[in-house]
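K.L.:
Pasted the sequence and its predicted model underneath.
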Amino acid sequence: MLGTILYIWFMPRSGQFVFEFAGFTLDLFKYRQYSRLIALTLSFFAFVYYLYIRLHSHGRTFYFLSLVHVFTAVFILFVNDFMSFFIFWEMMTVSAVGLILLEDSPPQLIVNYFVYQLAGTIALFAGIALCYSQSGSMELVSHSSAYPFFTLAILIKAAVIPFHLWLPATYPKVSFDLSIFFTAFVTKVGVFSVFLLTPELNLEVVGGIVALVAVLYAIKQEKLRNFLSYHILSQIGYILAGLSGAGALAHTGGTYHLMNNVIYKGLLFMIVVIVAGELGSVKIQGKGGFVLTRKHPFLFVAALIASLSISGIPPFNGFISKTVLIAGLGSKLAANLLLLASVGTAFSFTKFIYFSFLKPGGKQKNISKSRIGFTKQTALFLLSAACILMGIIPEFFLSATPAAGMNFYTTSHVLKGLLPAVAAVGLFAISYQKISIAIDYITPSWTELPLWPTALTDSLLTTLQKIHNGSLQRYVTWIFTTLLVAWIYLLQQSNHFLPLLKTINHLLRSLLQTFPG
């Protein structure tokens, strides 16, 4: 991973990596400054993660699948053709499913993850087919007709509300080590794909709504990993608003916020895993408090740094990215929604810090007698240092972006950065219980909403299970009937579907030529 970091840092700004495959031209490298910055961050986090789990007993298969996941997440940022993009996109999914399978997870857990990813795959493939049928080229240049399919694929991969249900159903239920790993890659690549696949689609307001709604659901969570999982969804809202924003400054803010999110969200998950291990409880209002801080002051400092970073408090990295992001947005409504979401974020992490590290009355006997290992402490230190350095010297990363030369530490910017935290701490101190009750009232469970897609999906699946009785004759009849109807429709709409049919014909002929046997 260190070698990968060095290569990405010194990678050439020009050059090509092009070759022919099955009659298509694959272009595996196009330099993008934002891709380079994100790839550096992902590689750095992977290095720290492997340091964090160094003394844990993971087999070779785990390391193989996790490295495949890391490198596909990094390389997909630079590809410049649809076929390579699709292959890397799917390799991320397959490697993630493989990692879940390694843990002997319940079948429903794998279904919750894989079915959503499969839906995104179908949408992505449909969008690619439309682009190719119009241009006759696999170059990564999107067409507006494919935007609905690409948008659906992105919303699922990035776990954007309301297509997020696979994430809280998966991340809190896998092993602690795997939940830390998953925080960094899939959703971040998914949301960055907005910049690659739908560059003309403005989702600023959508991102603001997602950030606000998700943070309200995060506040009501009682379990640590559920709490952080919903904060992933909220932070995706910020990034989505920036990367789909109207201007280059918004894109820079979205990119830098993505980088920061990888760092402080990974740090928070590592801290939460240690806290749960020390207390023997996964609840936020567990048996911790100041007694945990007295035993592990370094852990408290790391948690405080991560919490201040995600809340956007100066001089930490979240403050820089939120400042650039909000300054670049074209929609005042989106900016105000993100401001409210920042208040909610600061409120929820005030709750986390208080109950986990500051609440008086804890007992020493409730704390594990184990010590945090040196490699884990080193991992926490590296990520904490990154949160500080990316906030103090942002020009080191932003020098070649539209945010270069921007003065972040003016009185106005600092006050705006402090405002959400001051408001959140005040609200928490005045009436935490009443605010929590109010949030519970306005945020019902997803499955309790009467018109929610999940309820409709459950009904549909129940009906299909009754119809699918295992009769081979019935299945064959369905297949031939569907093919006949589809064929008649395509013949009637031949002018409309001719480019797509030619595309399929070309692909099949190319594959037959490639594999003559």
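P.N.:
Alright, I've got the coordinates. Numbers count the residues shown, from 1 in each chain.
K.L.:
Listing request: residues of the stretch 301-450 of the chain with sub-threshold pLDDT.
P.N.:
362-370, 445-450 (pLDDT under 70).
K.L.:
which residues of it fall in helices?
P.N.:
Counting by DSSP state H, counting those that start in this stretch, one finds helices in the stretch 301-450 of the chain at the ranges 317-328, 332-353, 374-392, 395-398, 411-442.
K.L.:
for the second one, packing partners?
P.N.:
For helix 332-353, the elements it packs on are helix 204-219, helix 224-243, helix 297-310, helix 317-328, helix 411-442, judged by 3 or more C-beta pairs under 8 Å, 6 or more residues apart in numbering; DSSP states H and E. Every C-beta, even on glycine, is put in place using the N, C-alpha and C of the backbone.
K.L.:
need the contact list for the most centrally placed residue in the chain.
P.N.:
Nearest to the mean C-alpha position of the chain, counting by C-alpha atoms, centre = their mean, stands Thr187 at 2.2 Å. By C-beta atoms under 8 Å, 6 or more residues apart in numbering, the contact list for Thr187 reads 157-159, 167, 232, 236.
K.L.:
what does Ala424 give?
P.N.:
Shown in contact with Ala424 (C-beta under 8 Å, 6+ apart): 311, 343-347, 350.
K.L.:
and what of Val282?
P.N.:
By C-beta under 8 Å, 6+ apart, the contact list for Val282 reads 223-225, 276.
K.L.:
same thing but at 10 Å, please
P.N.:
Counting by C-beta atoms under 10 Å, 6 or more residues apart in numbering, Val282 makes contact with 172, 176, 222-227, 272-273, 275-276.
K.L.:
Dump the helices of the stretch 301-450 of the chain to JSON lines, plus distance to Ala126.
P.N.:
Shown next, in JSON lines, are the helices of the stretch 301-450 of the chain (distance: least, C-beta to C-beta, whole Å):
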{"stretch": "helix 317-328", "distance to Ala126": "31"}
{"stretch": "helix 332-353", "distance to Ala126": "29"}
{"stretch": "helix 374-392", "distance to Ala126": "38"}
{"stretch": "helix 395-398", "distance to Ala126": "36"}
{"stretch": "helix 411-442", "distance to Ala126": "36"}
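K.L.:
Looking at the ones you listed, which is nearest to Ser95?
P.N.:
Closest to Ser95 of the helices of the stretch 301-450 of the chain is helix 374-392 (C-beta to C-beta; 22.1 Å).
K.L.:
To Ser35, which of the helices of the stretch 301-450 of the chain lies closest?
P.N.:
helix 395-398 (13.4 Å).
K.L.:
which other residues reach that closest one?
P.N.:
So helix 395-398 is contacted by 33, 37, 40-41, 252-253, 255-256, 259-260, 317, 320-321, 324, 389-390, 401, 403-406, 408 (C-beta under 10 Å, 6+ apart).
K.L.:
Recalculate using a threshold of 7 Å.
P.N.:
For helix 395-398, contacts defined as C-beta atoms under 7 Å, 6 or more residues apart in numbering pick out 37, 252, 256, 390, 404.
K.L.:
Name only those of those residues that count as buried.
P.N.:
37, 252, 256, 390 (16 or more other C-beta atoms under 10 Å).
K.L.:
is it true that the first one touches Met259?
P.N.:
Yes: using C-beta atoms under 7 Å, Leu37 is in contact with Met259, at 6.0 Å.
K.L.:
returning to what we had before: which members of the contacts of Val282 are classed as buried?
P.N.:
Buried subset of these (neighbour count, 16+ other C-beta under 10 Å): 172, 176, 223-227, 272-273, 275-276.
K.L.:
could you dump those to TSV with pLDDT and distance to Phe290?
P.N.:
Formatted as TSV, those follow (pLDDT from 0 to 100; distance: C-beta to C-beta, whole Å):
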residue	pLDDT	distance to Phe290
Pro172	88	26
Phe176	91	24
Lys223	90	22
Leu224	90	18
Arg225	90	23
Asn226	91	24
Phe227	93	20
Val272	92	18
Val273	91	21
Val275	88	13
Ala276	86	18
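K.L.:
and of those, the nearest to Pro420?
P.N.:
Closest to Pro420, out of all of those and judged by C-beta to C-beta, is Phe227, at 18.2 Å.
K.L.:
Now that closest one. Nearest residue, chain neighbours left out?
P.N.:
Sequence neighbours aside, Gln221 is the residue nearest to Phe227 in space, at 4.1 Å (criterion: C-beta to C-beta, 6 or more residues apart in numbering).
K.L.:
which residues are in contact with stretch 23-33?
P.N.:
With C-beta under 7 Å, 6+ apart, stretch 23-33 has contacts from 13-19, 78-81, 83-84, 138, 400-401, 506, 510.
K.L.:
Could I get the CA-only coordinates of stretch 214-226 as PDB?
P.N.:
Taking Å, rounded to 0.1, in the frame of the first residue of the first chain, the C-alpha atoms of stretch 214-226 are listed here in PDB:
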ATOM      1  CA  ALA A 214     -30.000  10.800   7.400                       C
ATOM      2  CA  VAL A 215     -28.500  12.700  10.300                       C
ATOM      3  CA  LEU A 216     -31.900  12.800  12.000                       C
ATOM      4  CA  TYR A 217     -32.000   9.000  11.800                       C
ATOM      5  CA  ALA A 218     -28.400   8.900  13.100                       C
ATOM      6  CA  ILE A 219     -29.400  10.800  16.200                       C
ATOM      7  CA  LYS A 220     -32.100   8.300  17.200                       C
ATOM      8  CA  GLN A 221     -29.800   5.300  16.900                       C
ATOM      9  CA  GLU A 222     -28.900   3.600  20.200                       C
ATOM     10  CA  LYS A 223     -26.200   1.200  18.800                       C
ATOM     11  CA  LEU A 224     -22.800   2.500  18.000                       C
ATOM     12  CA  ARG A 225     -22.300   1.000  14.500                       C
ATOM     13  CA  ASN A 226     -25.900   1.800  13.500                       C
END
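K.L.:
Distance from that stretch to the middle of the chain?
P.N.:
With C-alpha atoms, centre = their mean, to the nearest Å as the basis, stretch 214-226 stands 16 Å off its chain's centre.
K.L.:
give the contact list for Asn80.
P.N.:
Asn80 touches 27, 30, 139-140, counting by C-beta under 7 Å, 6+ apart.
K.L.:
try it again with 8 Å
P.N.:
Per C-beta under 8 Å, 6+ apart, neighbours of Asn80: 27-30, 139-140.
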